[in-house]
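Asker: Pasting a predicted model and its sequence here:
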Amino acid sequence: MSAPAGGWGAPRLLWAPAALAVGLLVLPVVALVVRADWSSLLSDVTSPAALAALRLSLLTSVAATAICVVLGVPLAVLLARASGWLSEVLRALVTLPLVLPPTVGGIALLYLLGRRGLLGQSLDAWFGIRLPFTTAAVVIAGAFVAMPFLVLGLEGALRTAGTQYEVVAATLGASRWTVLHRITLPLVAPGLVSGTVLCFARALGEFGATALFAGNTPGVTQTMPLAIYSAFNGAGVTQGAAVALSLLLVVAAIVVLLVARAWRPGRVG
Amino acid sequence: MSAAAREGRVSGGEVLRARVRVRRGSFALDVALEARPGGIVAVVGPNGAGKSTLLGALAGLLAVDDARITCGDRVLTDTTGGVHVGPERRSAVLLGQDALVFPHLSVRENVAFAPRAAGVRRAQARRSADEWLAAVGLEGLADRGPGQLSGGQRQRVALARALAARPAVLLLDEPFAQLDVRTAAELRDLVREQVRGSGAAAVLVTHDVVDALTLADHVLVLHDGAVVEEGTPIDVLTDPVHAFTAALAGLNLVAGTVVDEGESILAGDDGPRLPLAGVVTAVGGDAPVPGARAQLTFPPAAVSVVGAADQGWDAVVVDVEPGPAAVRVRTTGDVLVDLAPAEAAPLDLRLGAPLRLAVASSAARLRALPNA
């Protein structure tokens, strides 16, 4: 990160606040590394409870991300190509989980899908399905908080890409479906990948909505963030274990980001 | 042709007939045109004349108020019958100013796009793409990415991609506008040759007189949404009716009233006074009678600067710019005067300076106008 030699650069005055910003973002992680008890680290992160939480976190995050992609990509395409008040309202609604505290999201999910909830009642009465405090609830909570990252990111990419290539493809005889999967989506592949990665990372870190809607049952709904919270409060394990688990989550997040960065669905040439 | 038969696509040979009316606020487009297979109809006109709207309507990309567009036996648009065939089923391909080569596909995959969309198997579509690339002079570049091509090469890829669709209609929207002179000339030759060969009916939108003269069989001049004149390029450009066409052809156009002052003179609305003895009268035009409205067209080179006592008219210098002879002087009433260096040097050509002008009447053409 250096200014181009001899070229035009940003004002030097920006360096101080920018350095503080980096410090704010990086120093807590450094503190975590410094604080870690390296002698017990390996046994902490390989304990059955930790591995179960990690496994559950990865599984539910992948499932939540899959739901976001399957439902969110169509929504993003429609929003990007729509105009009028309805699309404006929809766009605002999609943003809602971003601005709501996740705990509010968790309560809202309970009132919708809980045993006495708006839909939950019928699900229970007709199908015997009870979602709260199950692994499925973890996935739903994750999808709820992560969906906006995919939809908004992809919608922006679609708007930037415009429709000119799609028009050419259509006049060349391509059906709308062919245009979508051979032109539209490949053109926004970088946006789709970064949206999916952010979506996954958000689901992986989800705490508030999960805690309220899915609870904190080890092996069923206790994901990494919940396991860390429990460990930190001294329930079962030690604070050292919490630090170790946190480091594991940090490493997992960094791996995801690096893999996504290495895999750039590039343009030919 | 055999490739086309194998692919089972429409392969040209159909006449495009279109009558299109579109209303957008105060702007109204009203055009009728016919393009024959292998022929090119040029639509020329200033910006905002409605050229792009016309192409959009032909491609099926725009909603039209009142239109009937047919290609051979196929009805593409018929507002009275409620017919609107989507752009993907019209067999009408756009080739625009921007090549819009798909950036995520190789050159070969770009050209193979239409056959693939039509259901042709991959290997065969790729073979056909290579044939089209050879036809536009790009053999050997099939594996390149669009980013590795020059502007002219990209436009060739776009042409090959359009032709590989075996379109019945080719819609050309100033495809040479962003190319340098040499590349544009080469591509013009290629387009002419390929349109003839493919049997597509082509509509070319342009404001370049070279495009119209070198490519078109038929020219249609569009102004404010209406066709103001049409015909073969040579007819339209040698005997223009509309001021825009005259400017396109590089001719002066002076409209005025015929007066009799011992001899017949056209008194221009903006001051020029032009003797009518010896001018060529447009075909079908009557001999001018005093009081009749008429217009004269003449090349800027036929105008000369004369002495104050000579017959002619008084004008002033409005603009001076480089011209084909050396200096081009714009004078009152938009009359252009081309001067050689030896003619220009002794003159006072400051802006606003007076000049007395005369026209060699043998170079002028007269056309009667409907009386105002």
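Answerer: That came through fine.
Asker: going forward, measure contacts between C-alpha atoms and count neighbours the same way
Answerer: OK.
Asker: So in chain A, which helix runs the longest?
Answerer: helix A:48-81 (DSSP state H).
Asker: Packing partners of it?
Answerer: helix A:85-99, helix A:135-161, helix A:189-205, helix A:224-232 (3 or more CA pairs under 8 Å, 6 or more residues apart in numbering or on different chains; DSSP states H and E).
Asker: pLDDT averaged over it, what's the number?
Answerer: Here helix A:48-81 scores 93 as its mean pLDDT.
Asker: Please identify which of the helices and strands packed on helix A:48-81 is closest to chain B.
Answerer: Closest approach to chain B among the helices and strands packed on helix A:48-81 is made by helix A:189-205 (9.8 Å; CA to the nearest CA).
Asker: Not counting residues beside it along the chain, what's closest to residue B:214?
Answerer: Distances taken as CA to CA, 6 or more residues apart in numbering or on different chains place residue B:188 nearest to residue B:214, at 7.9 Å, with adjacent residues excluded.
Asker: tell me how far the strand or helix carrying the one you found is from the chain's mean position?
Answerer: Residue B:188 is located in helix B:181-198, with elements delineated by DSSP states H and E. Distance, stretch centre to chain centre, for helix B:181-198: 15 Å (CA atoms, centre = their mean, to the nearest Å).
Asker: Provide the contact partners of it at residue level.
Answerer: B:1, B:11-12, B:37-40, B:136, B:152, B:156, B:159, B:163, B:166, B:176-177, B:201-202, B:211, B:214-215 (CA atoms under 8 Å, 6 or more residues apart in numbering or on different chains).
Asker: Please type out the PyMOL selection for whichever of the residues you listed turn out to be buried.
Answerer: Buried members of the contacts of helix B:181-198, identified by 16 or more other CA atoms under 10 Å in any protein chain shown, are gathered into one PyMOL selection as follows:
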select buried, chain B and resi 11+12+37+38+39+40+136+152+156+159+163+166+176+177+201+202+211+215
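Asker: So which of the contacts of helix B:181-198 are in strands?
Answerer: Of the positions in the contacts of helix B:181-198, B:40, B:201, B:202 sit in strands, assigned by DSSP state E.
Asker: For residue A:186, state which of those residues is nearest.
Answerer: Nearest to residue A:186 among the ones in strands among the contacts of helix B:181-198, counting by CA to CA, is residue B:202 at 31.1 Å.
Asker: Chain B - how does it break down into domains?
Answerer: B:2-238, B:250-368 (automatic domain parsing).
Asker: Which secondary structure state is assigned to residue B:229?
Answerer: In three-state terms, and counting by DSSP: H, G, I helix; E, B strand; the rest coil, residue B:229 is strand.
Asker: What count of nearby residues applies to it?
Answerer: For residue B:229, the neighbour count with other CA atoms under 10 Å in any protein chain shown is 15.
Asker: what's the distance between it and chain A?
Answerer: Counting by CA to the nearest CA, to the nearest Å, the separation of residue B:229 from chain A is 30 Å.
Asker: Can you pull up the residues of the stretch 1-150 of chain B that come close to chain A?
Answerer: For the stretch 1-150 of chain B, the contact set with chain A under CA under 8 Å from any CA of the partner chain comprises B:59, B:87-94, B:100, B:102-106, B:113-114, B:117-118, B:144-148.
Asker: Run through the stretch 151-269 of chain A and note the low-pLDDT ranges.
Answerer: A:234-239, A:262-269 (pLDDT under 70).
Asker: All the helices of the stretch 1-150 of chain B, residue numbers only.
Answerer: For the stretch 1-150 of chain B, the helices defined by DSSP state H, counting those that start in this stretch occupy B:2-7, B:51-59, B:107-111, B:113-117, B:122-135.
Asker: Any chance of TSV for those, columns distance to residue A:57, mean neighbour count and mean pLDDT?
Answerer: As requested, the helices of the stretch 1-150 of chain B are exported to TSV (distance: least, CA to CA, whole Å; neighbours: other CA atoms under 10 Å in any protein chain shown; pLDDT from 0 to 100):
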stretch	distance to residue A:57	mean neighbour count	mean pLDDT
helix B:2-7	52	14	40
helix B:51-59	51	23	90
helix B:107-111	41	27	96
helix B:113-117	42	25	94
helix B:122-135	42	19	93
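Asker: Of these, which is nearest residue A:70?
Answerer: When those are compared by CA to CA, helix B:113-117 sits nearest residue A:70, at 24.3 Å.
Asker: Distance from the closest one to the middle of the chain?
Answerer: For helix B:113-117, the distance to the chain centre is 31 Å (CA atoms, centre = their mean).
Asker: closest one to residue B:258 among the helices of the stretch 1-150 of chain B?
Answerer: Among the helices of the stretch 1-150 of chain B, helix B:51-59 sits nearest to residue B:258 (CA to CA), with 35.3 Å.
Asker: what about residue B:370, helix or strand, and which?
Answerer: Going by DSSP H and E, residue B:370 is not in any helix or strand.
Asker: Ok, residue B:219 next?
Answerer: strand B:218-223.
Asker: Leaving out chain neighbours, which residue sits closest to residue A:101?
Answerer: Nearest one to residue A:101, counting by CA to CA, 6+ apart, is residue A:208 at 7.8 Å.
Asker: In the stretch 201-350 of chain B, mark out all the helices, start to finish.
Answerer: B:209-215, B:233-238, B:243-248, B:341-344.
Asker: could I get the ones you listed as a markdown table with mean pLDDT and distance to residue A:215?
Answerer: Formatted as a markdown table, the helices of the stretch 201-350 of chain B follow (pLDDT from 0 to 100; distance: least, CA to CA, whole Å):
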| stretch | mean pLDDT | distance to residue A:215 |
| --- | --- | --- |
| helix B:209-215 | 88 | 73 |
| helix B:233-238 | 89 | 80 |
| helix B:243-248 | 89 | 77 |
| helix B:341-344 | 87 | 93 |
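Asker: can you list these in JSON lines and add distance to residue A:243?
Answerer: Below are the helices of the stretch 201-350 of chain B laid out as JSON lines (distance: least, CA to CA, whole Å):
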{"stretch": "helix B:209-215", "distance to residue A:243": "73"}
{"stretch": "helix B:233-238", "distance to residue A:243": "82"}
{"stretch": "helix B:243-248", "distance to residue A:243": "78"}
{"stretch": "helix B:341-344", "distance to residue A:243": "88"}
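Asker: for those helices, which one sits closest to residue A:91?
Answerer: Using CA to CA as the measure, helix B:209-215 is the one of the helices of the stretch 201-350 of chain B that comes nearest residue A:91, at 46.5 Å.
Asker: contacting residues around that closest one?
Answerer: Here helix B:209-215 has contacts from B:40, B:42, B:44, B:188, B:192, B:206, B:219, B:233, B:234, B:248, B:249, using CA under 8 Å, 6+ apart.
Asker: Quick check on those: which are buried?
Answerer: Among these, those classed as buried by 16+ other CA under 10 Å are B:40, B:42, B:44, B:188, B:192, B:206, B:219, B:233, B:234, B:248, B:249.
Asker: which residues does the last one contact?
Answerer: Counting by CA under 8 Å, 6+ apart, residue B:249 touches B:209, B:237, B:238, B:240.
Asker: try the second one
Answerer: Contacts of residue B:42 were listed using CA under 8 Å, 6+ apart, and they are B:203, B:204, B:205, B:206, B:211, B:212, B:215, B:216, B:217, B:218, B:219, B:220.
Asker: Which one of these is nearest to chain A?
Answerer: residue B:203 (14.7 Å).
Asker: What is the burial count for the closest one?
Answerer: By other CA under 10 Å, the residues close to residue B:203 number 28.
Asker: I'd say it and residue B:41 touch.
Answerer: Yes - Residue B:203 is in contact with residue B:41 according to CA atoms under 8 Å; the separation is 4.9 Å.
Asker: Need the overlap of contacts for the two.
Answerer: Common neighbours of residue B:203 and residue B:41, counting by CA under 8 Å, 6+ apart, are residue B:35.
Asker: And residue B:103, its phi and psi?
Answerer: Dihedral angles of residue B:103 (phi, psi; degrees, to the nearest 10) stand at phi -70, psi -20.
Asker: Check the burial of it by counting its neighbours.
Answerer: 19.
Asker: and it, how far is that from residue B:145?
Answerer: 7 Å (CA to CA, to the nearest Å).
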